[in-house]
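*Asks:* Give me coordinates for this.
(one chain, ligands or ions: 2)
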Amino acid sequence: MTEPGATVGEPLTWVFQGVLTPRDKQEDDYKYLRFNLPPGYGLIEVSYEYSRDSRSVLDIGMLDPEGSFRGWSGSDKPRFSISASKATPGYVAGEIKPGPWTIILGLARIPAGGCSYRVVVKAWRHGEYLIGEHCFEESVAPQAARKPAVSKGWIKGDLHVHSHHSDGKHSIRELVDKALEQGLDYIAVTDHSTNSQFYEIMRIRDPPVLLIPGVEVTTYHGHLNVWGGSWFDFRRRRLEDFVKLVNEVHEKGLIVSVDHPRDLGELCIGCDFEFKQLRGFDAVEVWNGPWFVKNWEPLAWWHSLLSEGLRVTAVGGSDYHGGEGSFVRLSEPTTWIRVDSPSVRGVISSVKQGRVSISQSPSGPLLELKAYSDSRVFETGDIVDTNHGEGLKIMVEAQGGENATLRLITSQGVEETIRVNSKVFKHVKELRVKQGCMFARAELGWFTDPFSVSLGEDDTVFALTNPVYFKQVSSGSCSR
Ligand SMILES: [Zn+2]
Ligand SMILES: [Zn+2]
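*Replies:* Ligands and ions are numbered 1, 2, ... in the order given. Purely as a prediction, here's the structure:
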């Protein structure tokens, strides 16, 4: 970050200070501080501090005089700056227009005793400052995303990764190197609530892995990933705000995933999804980071959604942020996506369709499920017309799952459990599907009670598939 000494001349300075109370938070999750920038200024620097001793968390971001979003850094950066050509990661460089600029304070956590804050804004005239190179990112006009050197079929990667554009430790170039080391075909960079990552991605020419621009819309009431390179406002707190978000995403032809809907208490602000009655989203992140971090909760919720007859794709994501000593590793879990084209659009389309399988790491095990009916083959995400249900065969193939238990699960419960006894293992099960039987999916793992769909801390999942769905035509249920 530029030190004040790197500038010359006296800046214009605004100081905002006060105390935020739980009542403020009750009224709105955000507080707005405005300053009127006269013409002729080219660099804005914002620094802020607050009473961190009392468990307070204050986030920060900025809007320009036209109300355009210019960046967000959560509570990760105590200082940031924006100029026409450069900005701190998390912020978007561009014209510094005169007029009313807005600082957004995010009231992430306000303790009962309140939280005192002080925000200092400084602005320098054009030509009065010299910007240090490090810690700044130049933004350039977006270019088309580039295709990686992988072809159609299964591609493996990570749908949920953070960079230095939010609270991650690595630049996107560093993340690409790490993805290559792991043998991944793609990574999605889903920084919290901001859009400056899109610009860094666009500047990486011919990346050796497919780079998917994304954003984790990080509200205090739930986190949702949207892939594709469009930014969506994170200032949402009521059910109708999330209904709107789903519609806005779909209007852009993109898809939205509910991230890590599990209760981690005080450990993570807004991480559990508050509005589980919401419908219409495309995916659920059923596996976020290591399995043991209560991933059985999102898995159980997803199973209940499927049992309602909904089509929702299960995805995984490491939520990798980098940093020494973290138990979260890139691509653990790995999300395998069966694509027709290895492109951002191809990935979005396949995730929407449910052509997704999740495993604990890039080395597998890879679990595939197909349904065969009247010589037709259905993949996960497909709807099997159960007029042809008599003699329907479900084939599950596990690669690298020796000694684990394979379970075939339908909306009626666990249909069958099988011990996997070879490196490449195939199992075929004949299923008669009647009304009430919505889907069939598979899991591989160690289960304390192999016939119980709901899992807990003593169970370990190594891999899981999305379902094939059954078209509802006649009465009855799933039966052997
Ligand atoms: Zn999150
Ligand atoms: Zn995240």
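*Asks:* Where does the residue in the stretch 151-300 of the chain that ligand 2 sits nearest to fall, secondary structure wise?
*Replies:* Distance from ligand 2 to each residue of the stretch 151-300 of the chain (CB to the ion) is smallest for Glu216, at 4.7 Å. Quick note: C-beta positions are derived from backbone N, CA and C, even for glycine. If you go by DSSP states H and E, Glu216 is part of strand 210-219.
*Asks:* Quick one: distance of whichever helix or strand comes after that strand to the chain centre.
*Replies:* Using DSSP H and E, the next helix or strand after strand 210-219 towards the C-terminus is strand 222-227. With CA atoms, centre = their mean, to the nearest Å as the basis, strand 222-227 stands 5 Å off its chain's centre.
*Asks:* other SSEs contacting whichever helix or strand comes after strand 222-227?
*Replies:* With elements assigned by DSSP H and E, the helix or strand that comes after strand 222-227 is helix 239-251. Packing partners of helix 239-251 (3 or more CB pairs under 8 Å, 6 or more residues apart in numbering; DSSP states H and E): strand 222-227, strand 256-258.
*Asks:* export the ones you listed to a markdown table and tack on mean neighbour count?
*Replies:* Below are these laid out as a markdown table (neighbours: other CB atoms under 10 Å):
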| stretch | mean neighbour count |
| --- | --- |
| strand 222-227 | 25 |
| strand 256-258 | 26 |
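*Asks:* Output these in a markdown table; the columns should cover distance to Gly61.
*Replies:* A markdown table is the format used below for the helices and strands packed on helix 239-251 (distance: least, CB to CB, whole Å):
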| stretch | distance to Gly61 |
| --- | --- |
| strand 222-227 | 16 |
| strand 256-258 | 21 |
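*Asks:* would you list those strands in TSV and tack on mean pLDDT and distance to ligand 1?
*Replies:* Shown next, in TSV, are the helices and strands packed on helix 239-251 (pLDDT from 0 to 100; distance: least, CB to the ion, whole Å):
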stretch	mean pLDDT	distance to ligand 1
strand 222-227	98	3
strand 256-258	98	10
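*Asks:* Figure out which of these is closest to Ser116.
*Replies:* Of all those, strand 222-227 sits nearest to Ser116, with 27.8 Å by CB to CB.
*Asks:* So what angle separates the directions of the closest one and strand 210-219?
*Replies:* Angle of strand 222-227 versus strand 210-219, following axes from the mean of the first three to the mean of the last three CA atoms, to 10 degrees, is 150 degrees.
*Asks:* do strand 222-227 and ligand 2 meet?
*Replies:* No. With CB under 5 Å from the ion as the criterion, ligand 2 is not reached by strand 222-227; the gap is at least 6.3 Å.
*Asks:* just checking, what packs against that strand?
*Replies:* strand 153-161, strand 186-192, strand 210-219, helix 239-251, strand 256-258, helix 344-353.
*Asks:* Could you point out the helix or strand that follows the second one?
*Replies:* When you say that, I think you mean strand 186-192. Counting by DSSP H and E, the next helix or strand C-terminal to strand 186-192 is helix 196-203.
*Asks:* again, but for the first one
*Replies:* Helices and strands here follow DSSP H and E; after strand 153-161, the next one along the chain is helix 172-181.
*Asks:* Quick check: the residue in the chain that ligand 2 sits nearest to vs ligand 1, distance?
*Replies:* Among all residues of the chain, Asp319 sits closest to ligand 2, at 4.3 Å; criterion: CB to the ion. Using CB to the ion, to the nearest Å, one obtains 6 Å as the distance from Asp319 to ligand 1.
*Asks:* I'd say that residue and Leu264 touch.
*Replies:* No. In this structure, Asp319 is not within contact of Leu264 by CB atoms under 8 Å, at 11.6 Å.
*Asks:* Neighbour count: the two, which is higher?
*Replies:* Taking other CB atoms under 10 Å, Asp319 and Leu264 do not tie; Asp319 has more neighbours (26 against 13).
*Asks:* Look up phi and psi at that one.
*Replies:* Dihedral angles of Asp319 (phi, psi; degrees, to the nearest 10) stand at phi 60, psi 30.
*Asks:* what residues are up against it?
*Replies:* Residues near Asp319 by CB atoms under 8 Å, 6 or more residues apart in numbering: His160, Val161, His162, Asp259, His260, Asn288, Gly289, Val328.
*Asks:* So which of the residues you listed is the closest to Ser350?
*Replies:* Closest to Ser350, out of all of the contacts of Asp319 and judged by CB to CB, is His160, at 16.4 Å.
*Asks:* Around that closest one, count how many other residues there are.
*Replies:* Neighbours around His160, by other CB under 10 Å: 27.
*Asks:* And Arg279, by the same measure?
*Replies:* For Arg279, the tally of surrounding residues (other CB under 10 Å) stands at 12.
*Asks:* Just the pLDDT for it.
*Replies:* Arg279 is assigned 98 on the pLDDT scale.
*Asks:* Am I right that Val328 is in contact with His321?
*Replies:* Yes. With contact defined as CB under 8 Å, Val328 counts as touching His321 (6.8 Å).
*Asks:* Which positions are bridged to the residue nearest the centre of the chain in the beta structure?
*Replies:* Closest residue to the average C-alpha location of the chain: Asn225 at 3.6 Å, with CA atoms, centre = their mean. Here Asn225 sits in beta bridges with Glu216, Ser257, going by DSSP bridges.
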